[in-house]
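Enquirer: Quick one, fold the following:
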Amino acid sequence: MQNFQFAQIFTERRKELAVTQEQIAHYVGVSRAAVSKWEKGLSYPDITILPKLATYFNVSIDLLLGYEPQMTKERIMSTYAMFATKLGNEPFEQVDEQIDEMIAEYYSCFPFLLKIVQLYMNYYPKAANPDEILGKCLTLCERIKTQSHHRQLSYEATVLEAYISIMQGKPKQVLELLGEEAAVQYGAEQLIATAHTMLGTKEKAKEVLQVSMYQQTVGLISNATETLLLEIDHTVHFDETIKRIQQLLETFQIANLNPNIALVFYIKAAGGYMMRNQTEQALQMIEYYIKVCSTLKFPLELQGDRYFYKLGDWIDQQERIDKQAPRDNLSIKKDLVTSIANNPIFNALQDNTQFKIMMTNLQHHLQLEEEL
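Expert: Below is the predicted model:
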């Protein structure tokens, strides 16, 4: 176990109290030689002695052992980033073994388990047996739901289960997990903001409303994007949806705040135009996509801006939100290209001169000439 540091902590506590090995040996009823071995890391005290030692040093048993069953937010995020980099550059199965070791060590750190599920969901296609990895994700989600006794964590685990069900082609299971109808929104954020205002915490009220505006704007764009392929045969609605989403993207400068939202829109809009045999419009959407890609700064980071100036503070406060992108830079860059170049819906464009030039420019912007 990475944090099992009994020898070091025992020695430090003994010296802080200015007691000898012999005094401790007499207190717990062992030989001085046994205590010496503890400090050298050659052996450990019997489990029945640990409570007495912890009492003597006035610390918990976990602290005496140097074991932290719960990881800090910072450590969870840094561990995620480390494994993301490894999964992007090393054999999946090799890294998976290391992840399993960490899961075993922190099996009761539920925010960590949730991040591991997200990690696997971003890299599972690289596994020799992707279905097995998704199954592991479902097992972790179930543990979080049944053992964490934390409403928000349980809800997030349920949503991840629904995503996995979509990946597995099980739509009925999604509806069983989340329900079949859109939930009624009761405006809880407004009540929370009003309460903060009444209590004199005006800045917190601003933050609550800005975060709500941001999330609802992003949600509106995402939901509208999802309707595009459902409205292929409804020309007026399809065209109007694209027009309105583009206005929202520009008004709220979403490409700077959350570029992924804009990129997904342009891919789906281009795909929709291809299905409608509108090649020129499809190429225009791809051009917008490449324009967003050309402005990306790596590593990608979720942040606020001059309008949503409270968003950054909120992100910093959230235990399960990481500023950094969920995958390593190289994997993201490659997917930005392959999402267009290897997408079957754009096969008819492969011989199009304009399309070829745009794809070359995209690889150039992302500095991927050698990697692809």
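
Enquirer: Mind checking what secondary structure Glu68 has?
Expert: coil (DSSP: H, G, I helix; E, B strand; the rest coil).

Enquirer: Roughly how far does it sit from Ile9?
Expert: 12 Å (CB to CB, to the nearest Å). From N, CA and C alone the C-beta is placed, and that goes for glycine too.

Enquirer: before we move on, what about Lys291?
Expert: From Lys291 to Ile9 the distance is 55 Å (CB to CB).

Enquirer: what stretches of this protein score poorly on pLDDT?
Expert: Within the chain, the ranges that satisfy pLDDT under 70 run 1-4, 319-323, 369-372.

Enquirer: buried residues in the longest helix anywhere in it?
Expert: The longest helix of the chain (DSSP state H) is helix 202-227. Applying a neighbour-count criterion of 16 or more other CB atoms under 10 Å, one finds 204-205, 207-214, 217-218, 221, 224-225 buried in helix 202-227.

Enquirer: next helix or strand past that helix?
Expert: helix 235-251 (DSSP states H and E).

Enquirer: Just give me how far the helix or strand following that following helix sits from the chain centre.
Expert: Toward the C-terminus, helix 235-251 is succeeded by helix 254-257 as the next helix or strand (DSSP H and E). Put simply, helix 254-257 sits 18 Å off its chain's centre (CA atoms, centre = their mean, to the nearest Å).

Enquirer: go on, stretch 165-173?
Expert: That offset, for stretch 165-173, works out to 21 Å (CA atoms, centre = their mean).

Enquirer: Please apply the same query to stretch 273-289.
Expert: For stretch 273-289 - counting by CA atoms, centre = their mean - the centre lies 31 Å from the chain centre.

Enquirer: quick one: which of the buried residues of helix 202-227 is nearest Ser60?
Expert: Lys204 (33.8 Å; CB to CB).

Enquirer: Kindly provide the distance from the closest one to Gly187.
Expert: 17 Å.

Enquirer: how about the strands of the chain, start to end?
Expert: Per DSSP state E, the chain carries no strands over any range.

Enquirer: before we move on, back to that, which other helices and strands contact the longest helix of the chain?
Expert: In terms of contacts (3 or more CB pairs under 8 Å, 6 or more residues apart in numbering; DSSP states H and E), helix 202-227 is packed against helix 188-198, helix 235-251, helix 254-257, helix 259-275, helix 311-317.

Enquirer: For Leu229, find the nearest of those.
Expert: Taking those one by one with CB to CB, helix 259-275 is closest: 5.8 Å.

Enquirer: Can you give the contact residues for that closest one?
Expert: The contact list for helix 259-275, computed with CB atoms under 8 Å, 6 or more residues apart in numbering, reads 218, 221-222, 225-226, 228-229, 232, 238, 242, 245, 249, 254-255, 279, 281-283, 285-286, 288-289, 292-293, 295-296, 300, 336, 339-340, 343, 345-346, 348-349.

Enquirer: ok, of those, which come out buried?
Expert: For the contacts of helix 259-275, a neighbour count by 16+ other CB under 10 Å gives the buried set as 218, 221, 225, 228, 238, 242, 245, 249, 254-255, 279, 281-283, 285-286, 288-289, 292-293, 296, 300, 336, 340, 345-346, 349.

Enquirer: Skipping adjacent residues, who's closest to Arg244 in space?
Expert: By the measure of CB to CB, 6 or more residues apart in numbering, the closest residue to Arg244 outside its immediate chain neighbours is Ala224, 6.9 Å from it.

Enquirer: likewise Glu226?
Expert: Nearest to Glu226 is Lys268, by CB to CB, 6+ apart, at 7.9 Å.

Enquirer: just checking, Ser31 touches Ala25?
Expert: Yes. Here Ser31 reaches Ala25: they are 5.9 Å apart, a contact under CB atoms under 8 Å.

Enquirer: Settle it for me: which of the two has more neighbours?
Expert: Ala25 (17 against 12; other CB atoms under 10 Å).

Enquirer: From Ala127, how far off is Trp314?
Expert: 34 Å.

Enquirer: any idea how far the closest residue to Val208 other than its chain neighbours is from Glu207?
Expert: Excluding the flanking residues, the one nearest Val208 by CB to CB, 6+ apart is Ala193, at 4.5 Å. Taking CB to CB as the measure, Ala193 falls 9 Å from Glu207.

Enquirer: Gln23 now?
Expert: Relative to Glu207, Gln23 is positioned 54 Å away (CB to CB).

Enquirer: Also Asn223?
Expert: 24 Å.

Enquirer: now do Ile76
Expert: Ile76 is 23 Å from Glu207, by CB to CB.

Enquirer: same check, this time on Gln190
Expert: 13 Å.

Enquirer: And Ile332, by the same measure?
Expert: Ile332 sits 29 Å away from Glu207, taking CB to CB as the criterion.

Enquirer: Was I right to think Ser331 contacts Lys86?
Expert: No. Counting by CB under 8 Å, Lys86 is not a contact partner of Ser331; they are 11.5 Å apart.

Enquirer: State the distance from Phe346 to Leu50.
Expert: In this view, Phe346 and Leu50 are 63 Å apart by CB to CB.

Enquirer: measure stretch 59-70 end to end?
Expert: By CA to CA, to the nearest Å, the extent of stretch 59-70 from end to end equals 17 Å.

Enquirer: so how far is that stretch from its chain's centroid?
Expert: Distance, centroid of stretch 59-70 to centroid of chain: 28 Å (CA atoms, centre = their mean).

Enquirer: For it, which residues meet the burial criterion?
Expert: Neighbour count says stretch 59-70 has 64-67 buried, by 16+ other CB under 10 Å.

Enquirer: Now distance to Gly41 too, for those residues, in a markdown table please.
Expert: As requested, the buried residues of stretch 59-70 are arranged in a markdown table below (distance: CB to CB, whole Å):
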| residue | distance to Gly41 |
| --- | --- |
| Leu64 | 14 |
| Leu65 | 13 |
| Gly66 | 11 |
| Tyr67 | 15 |
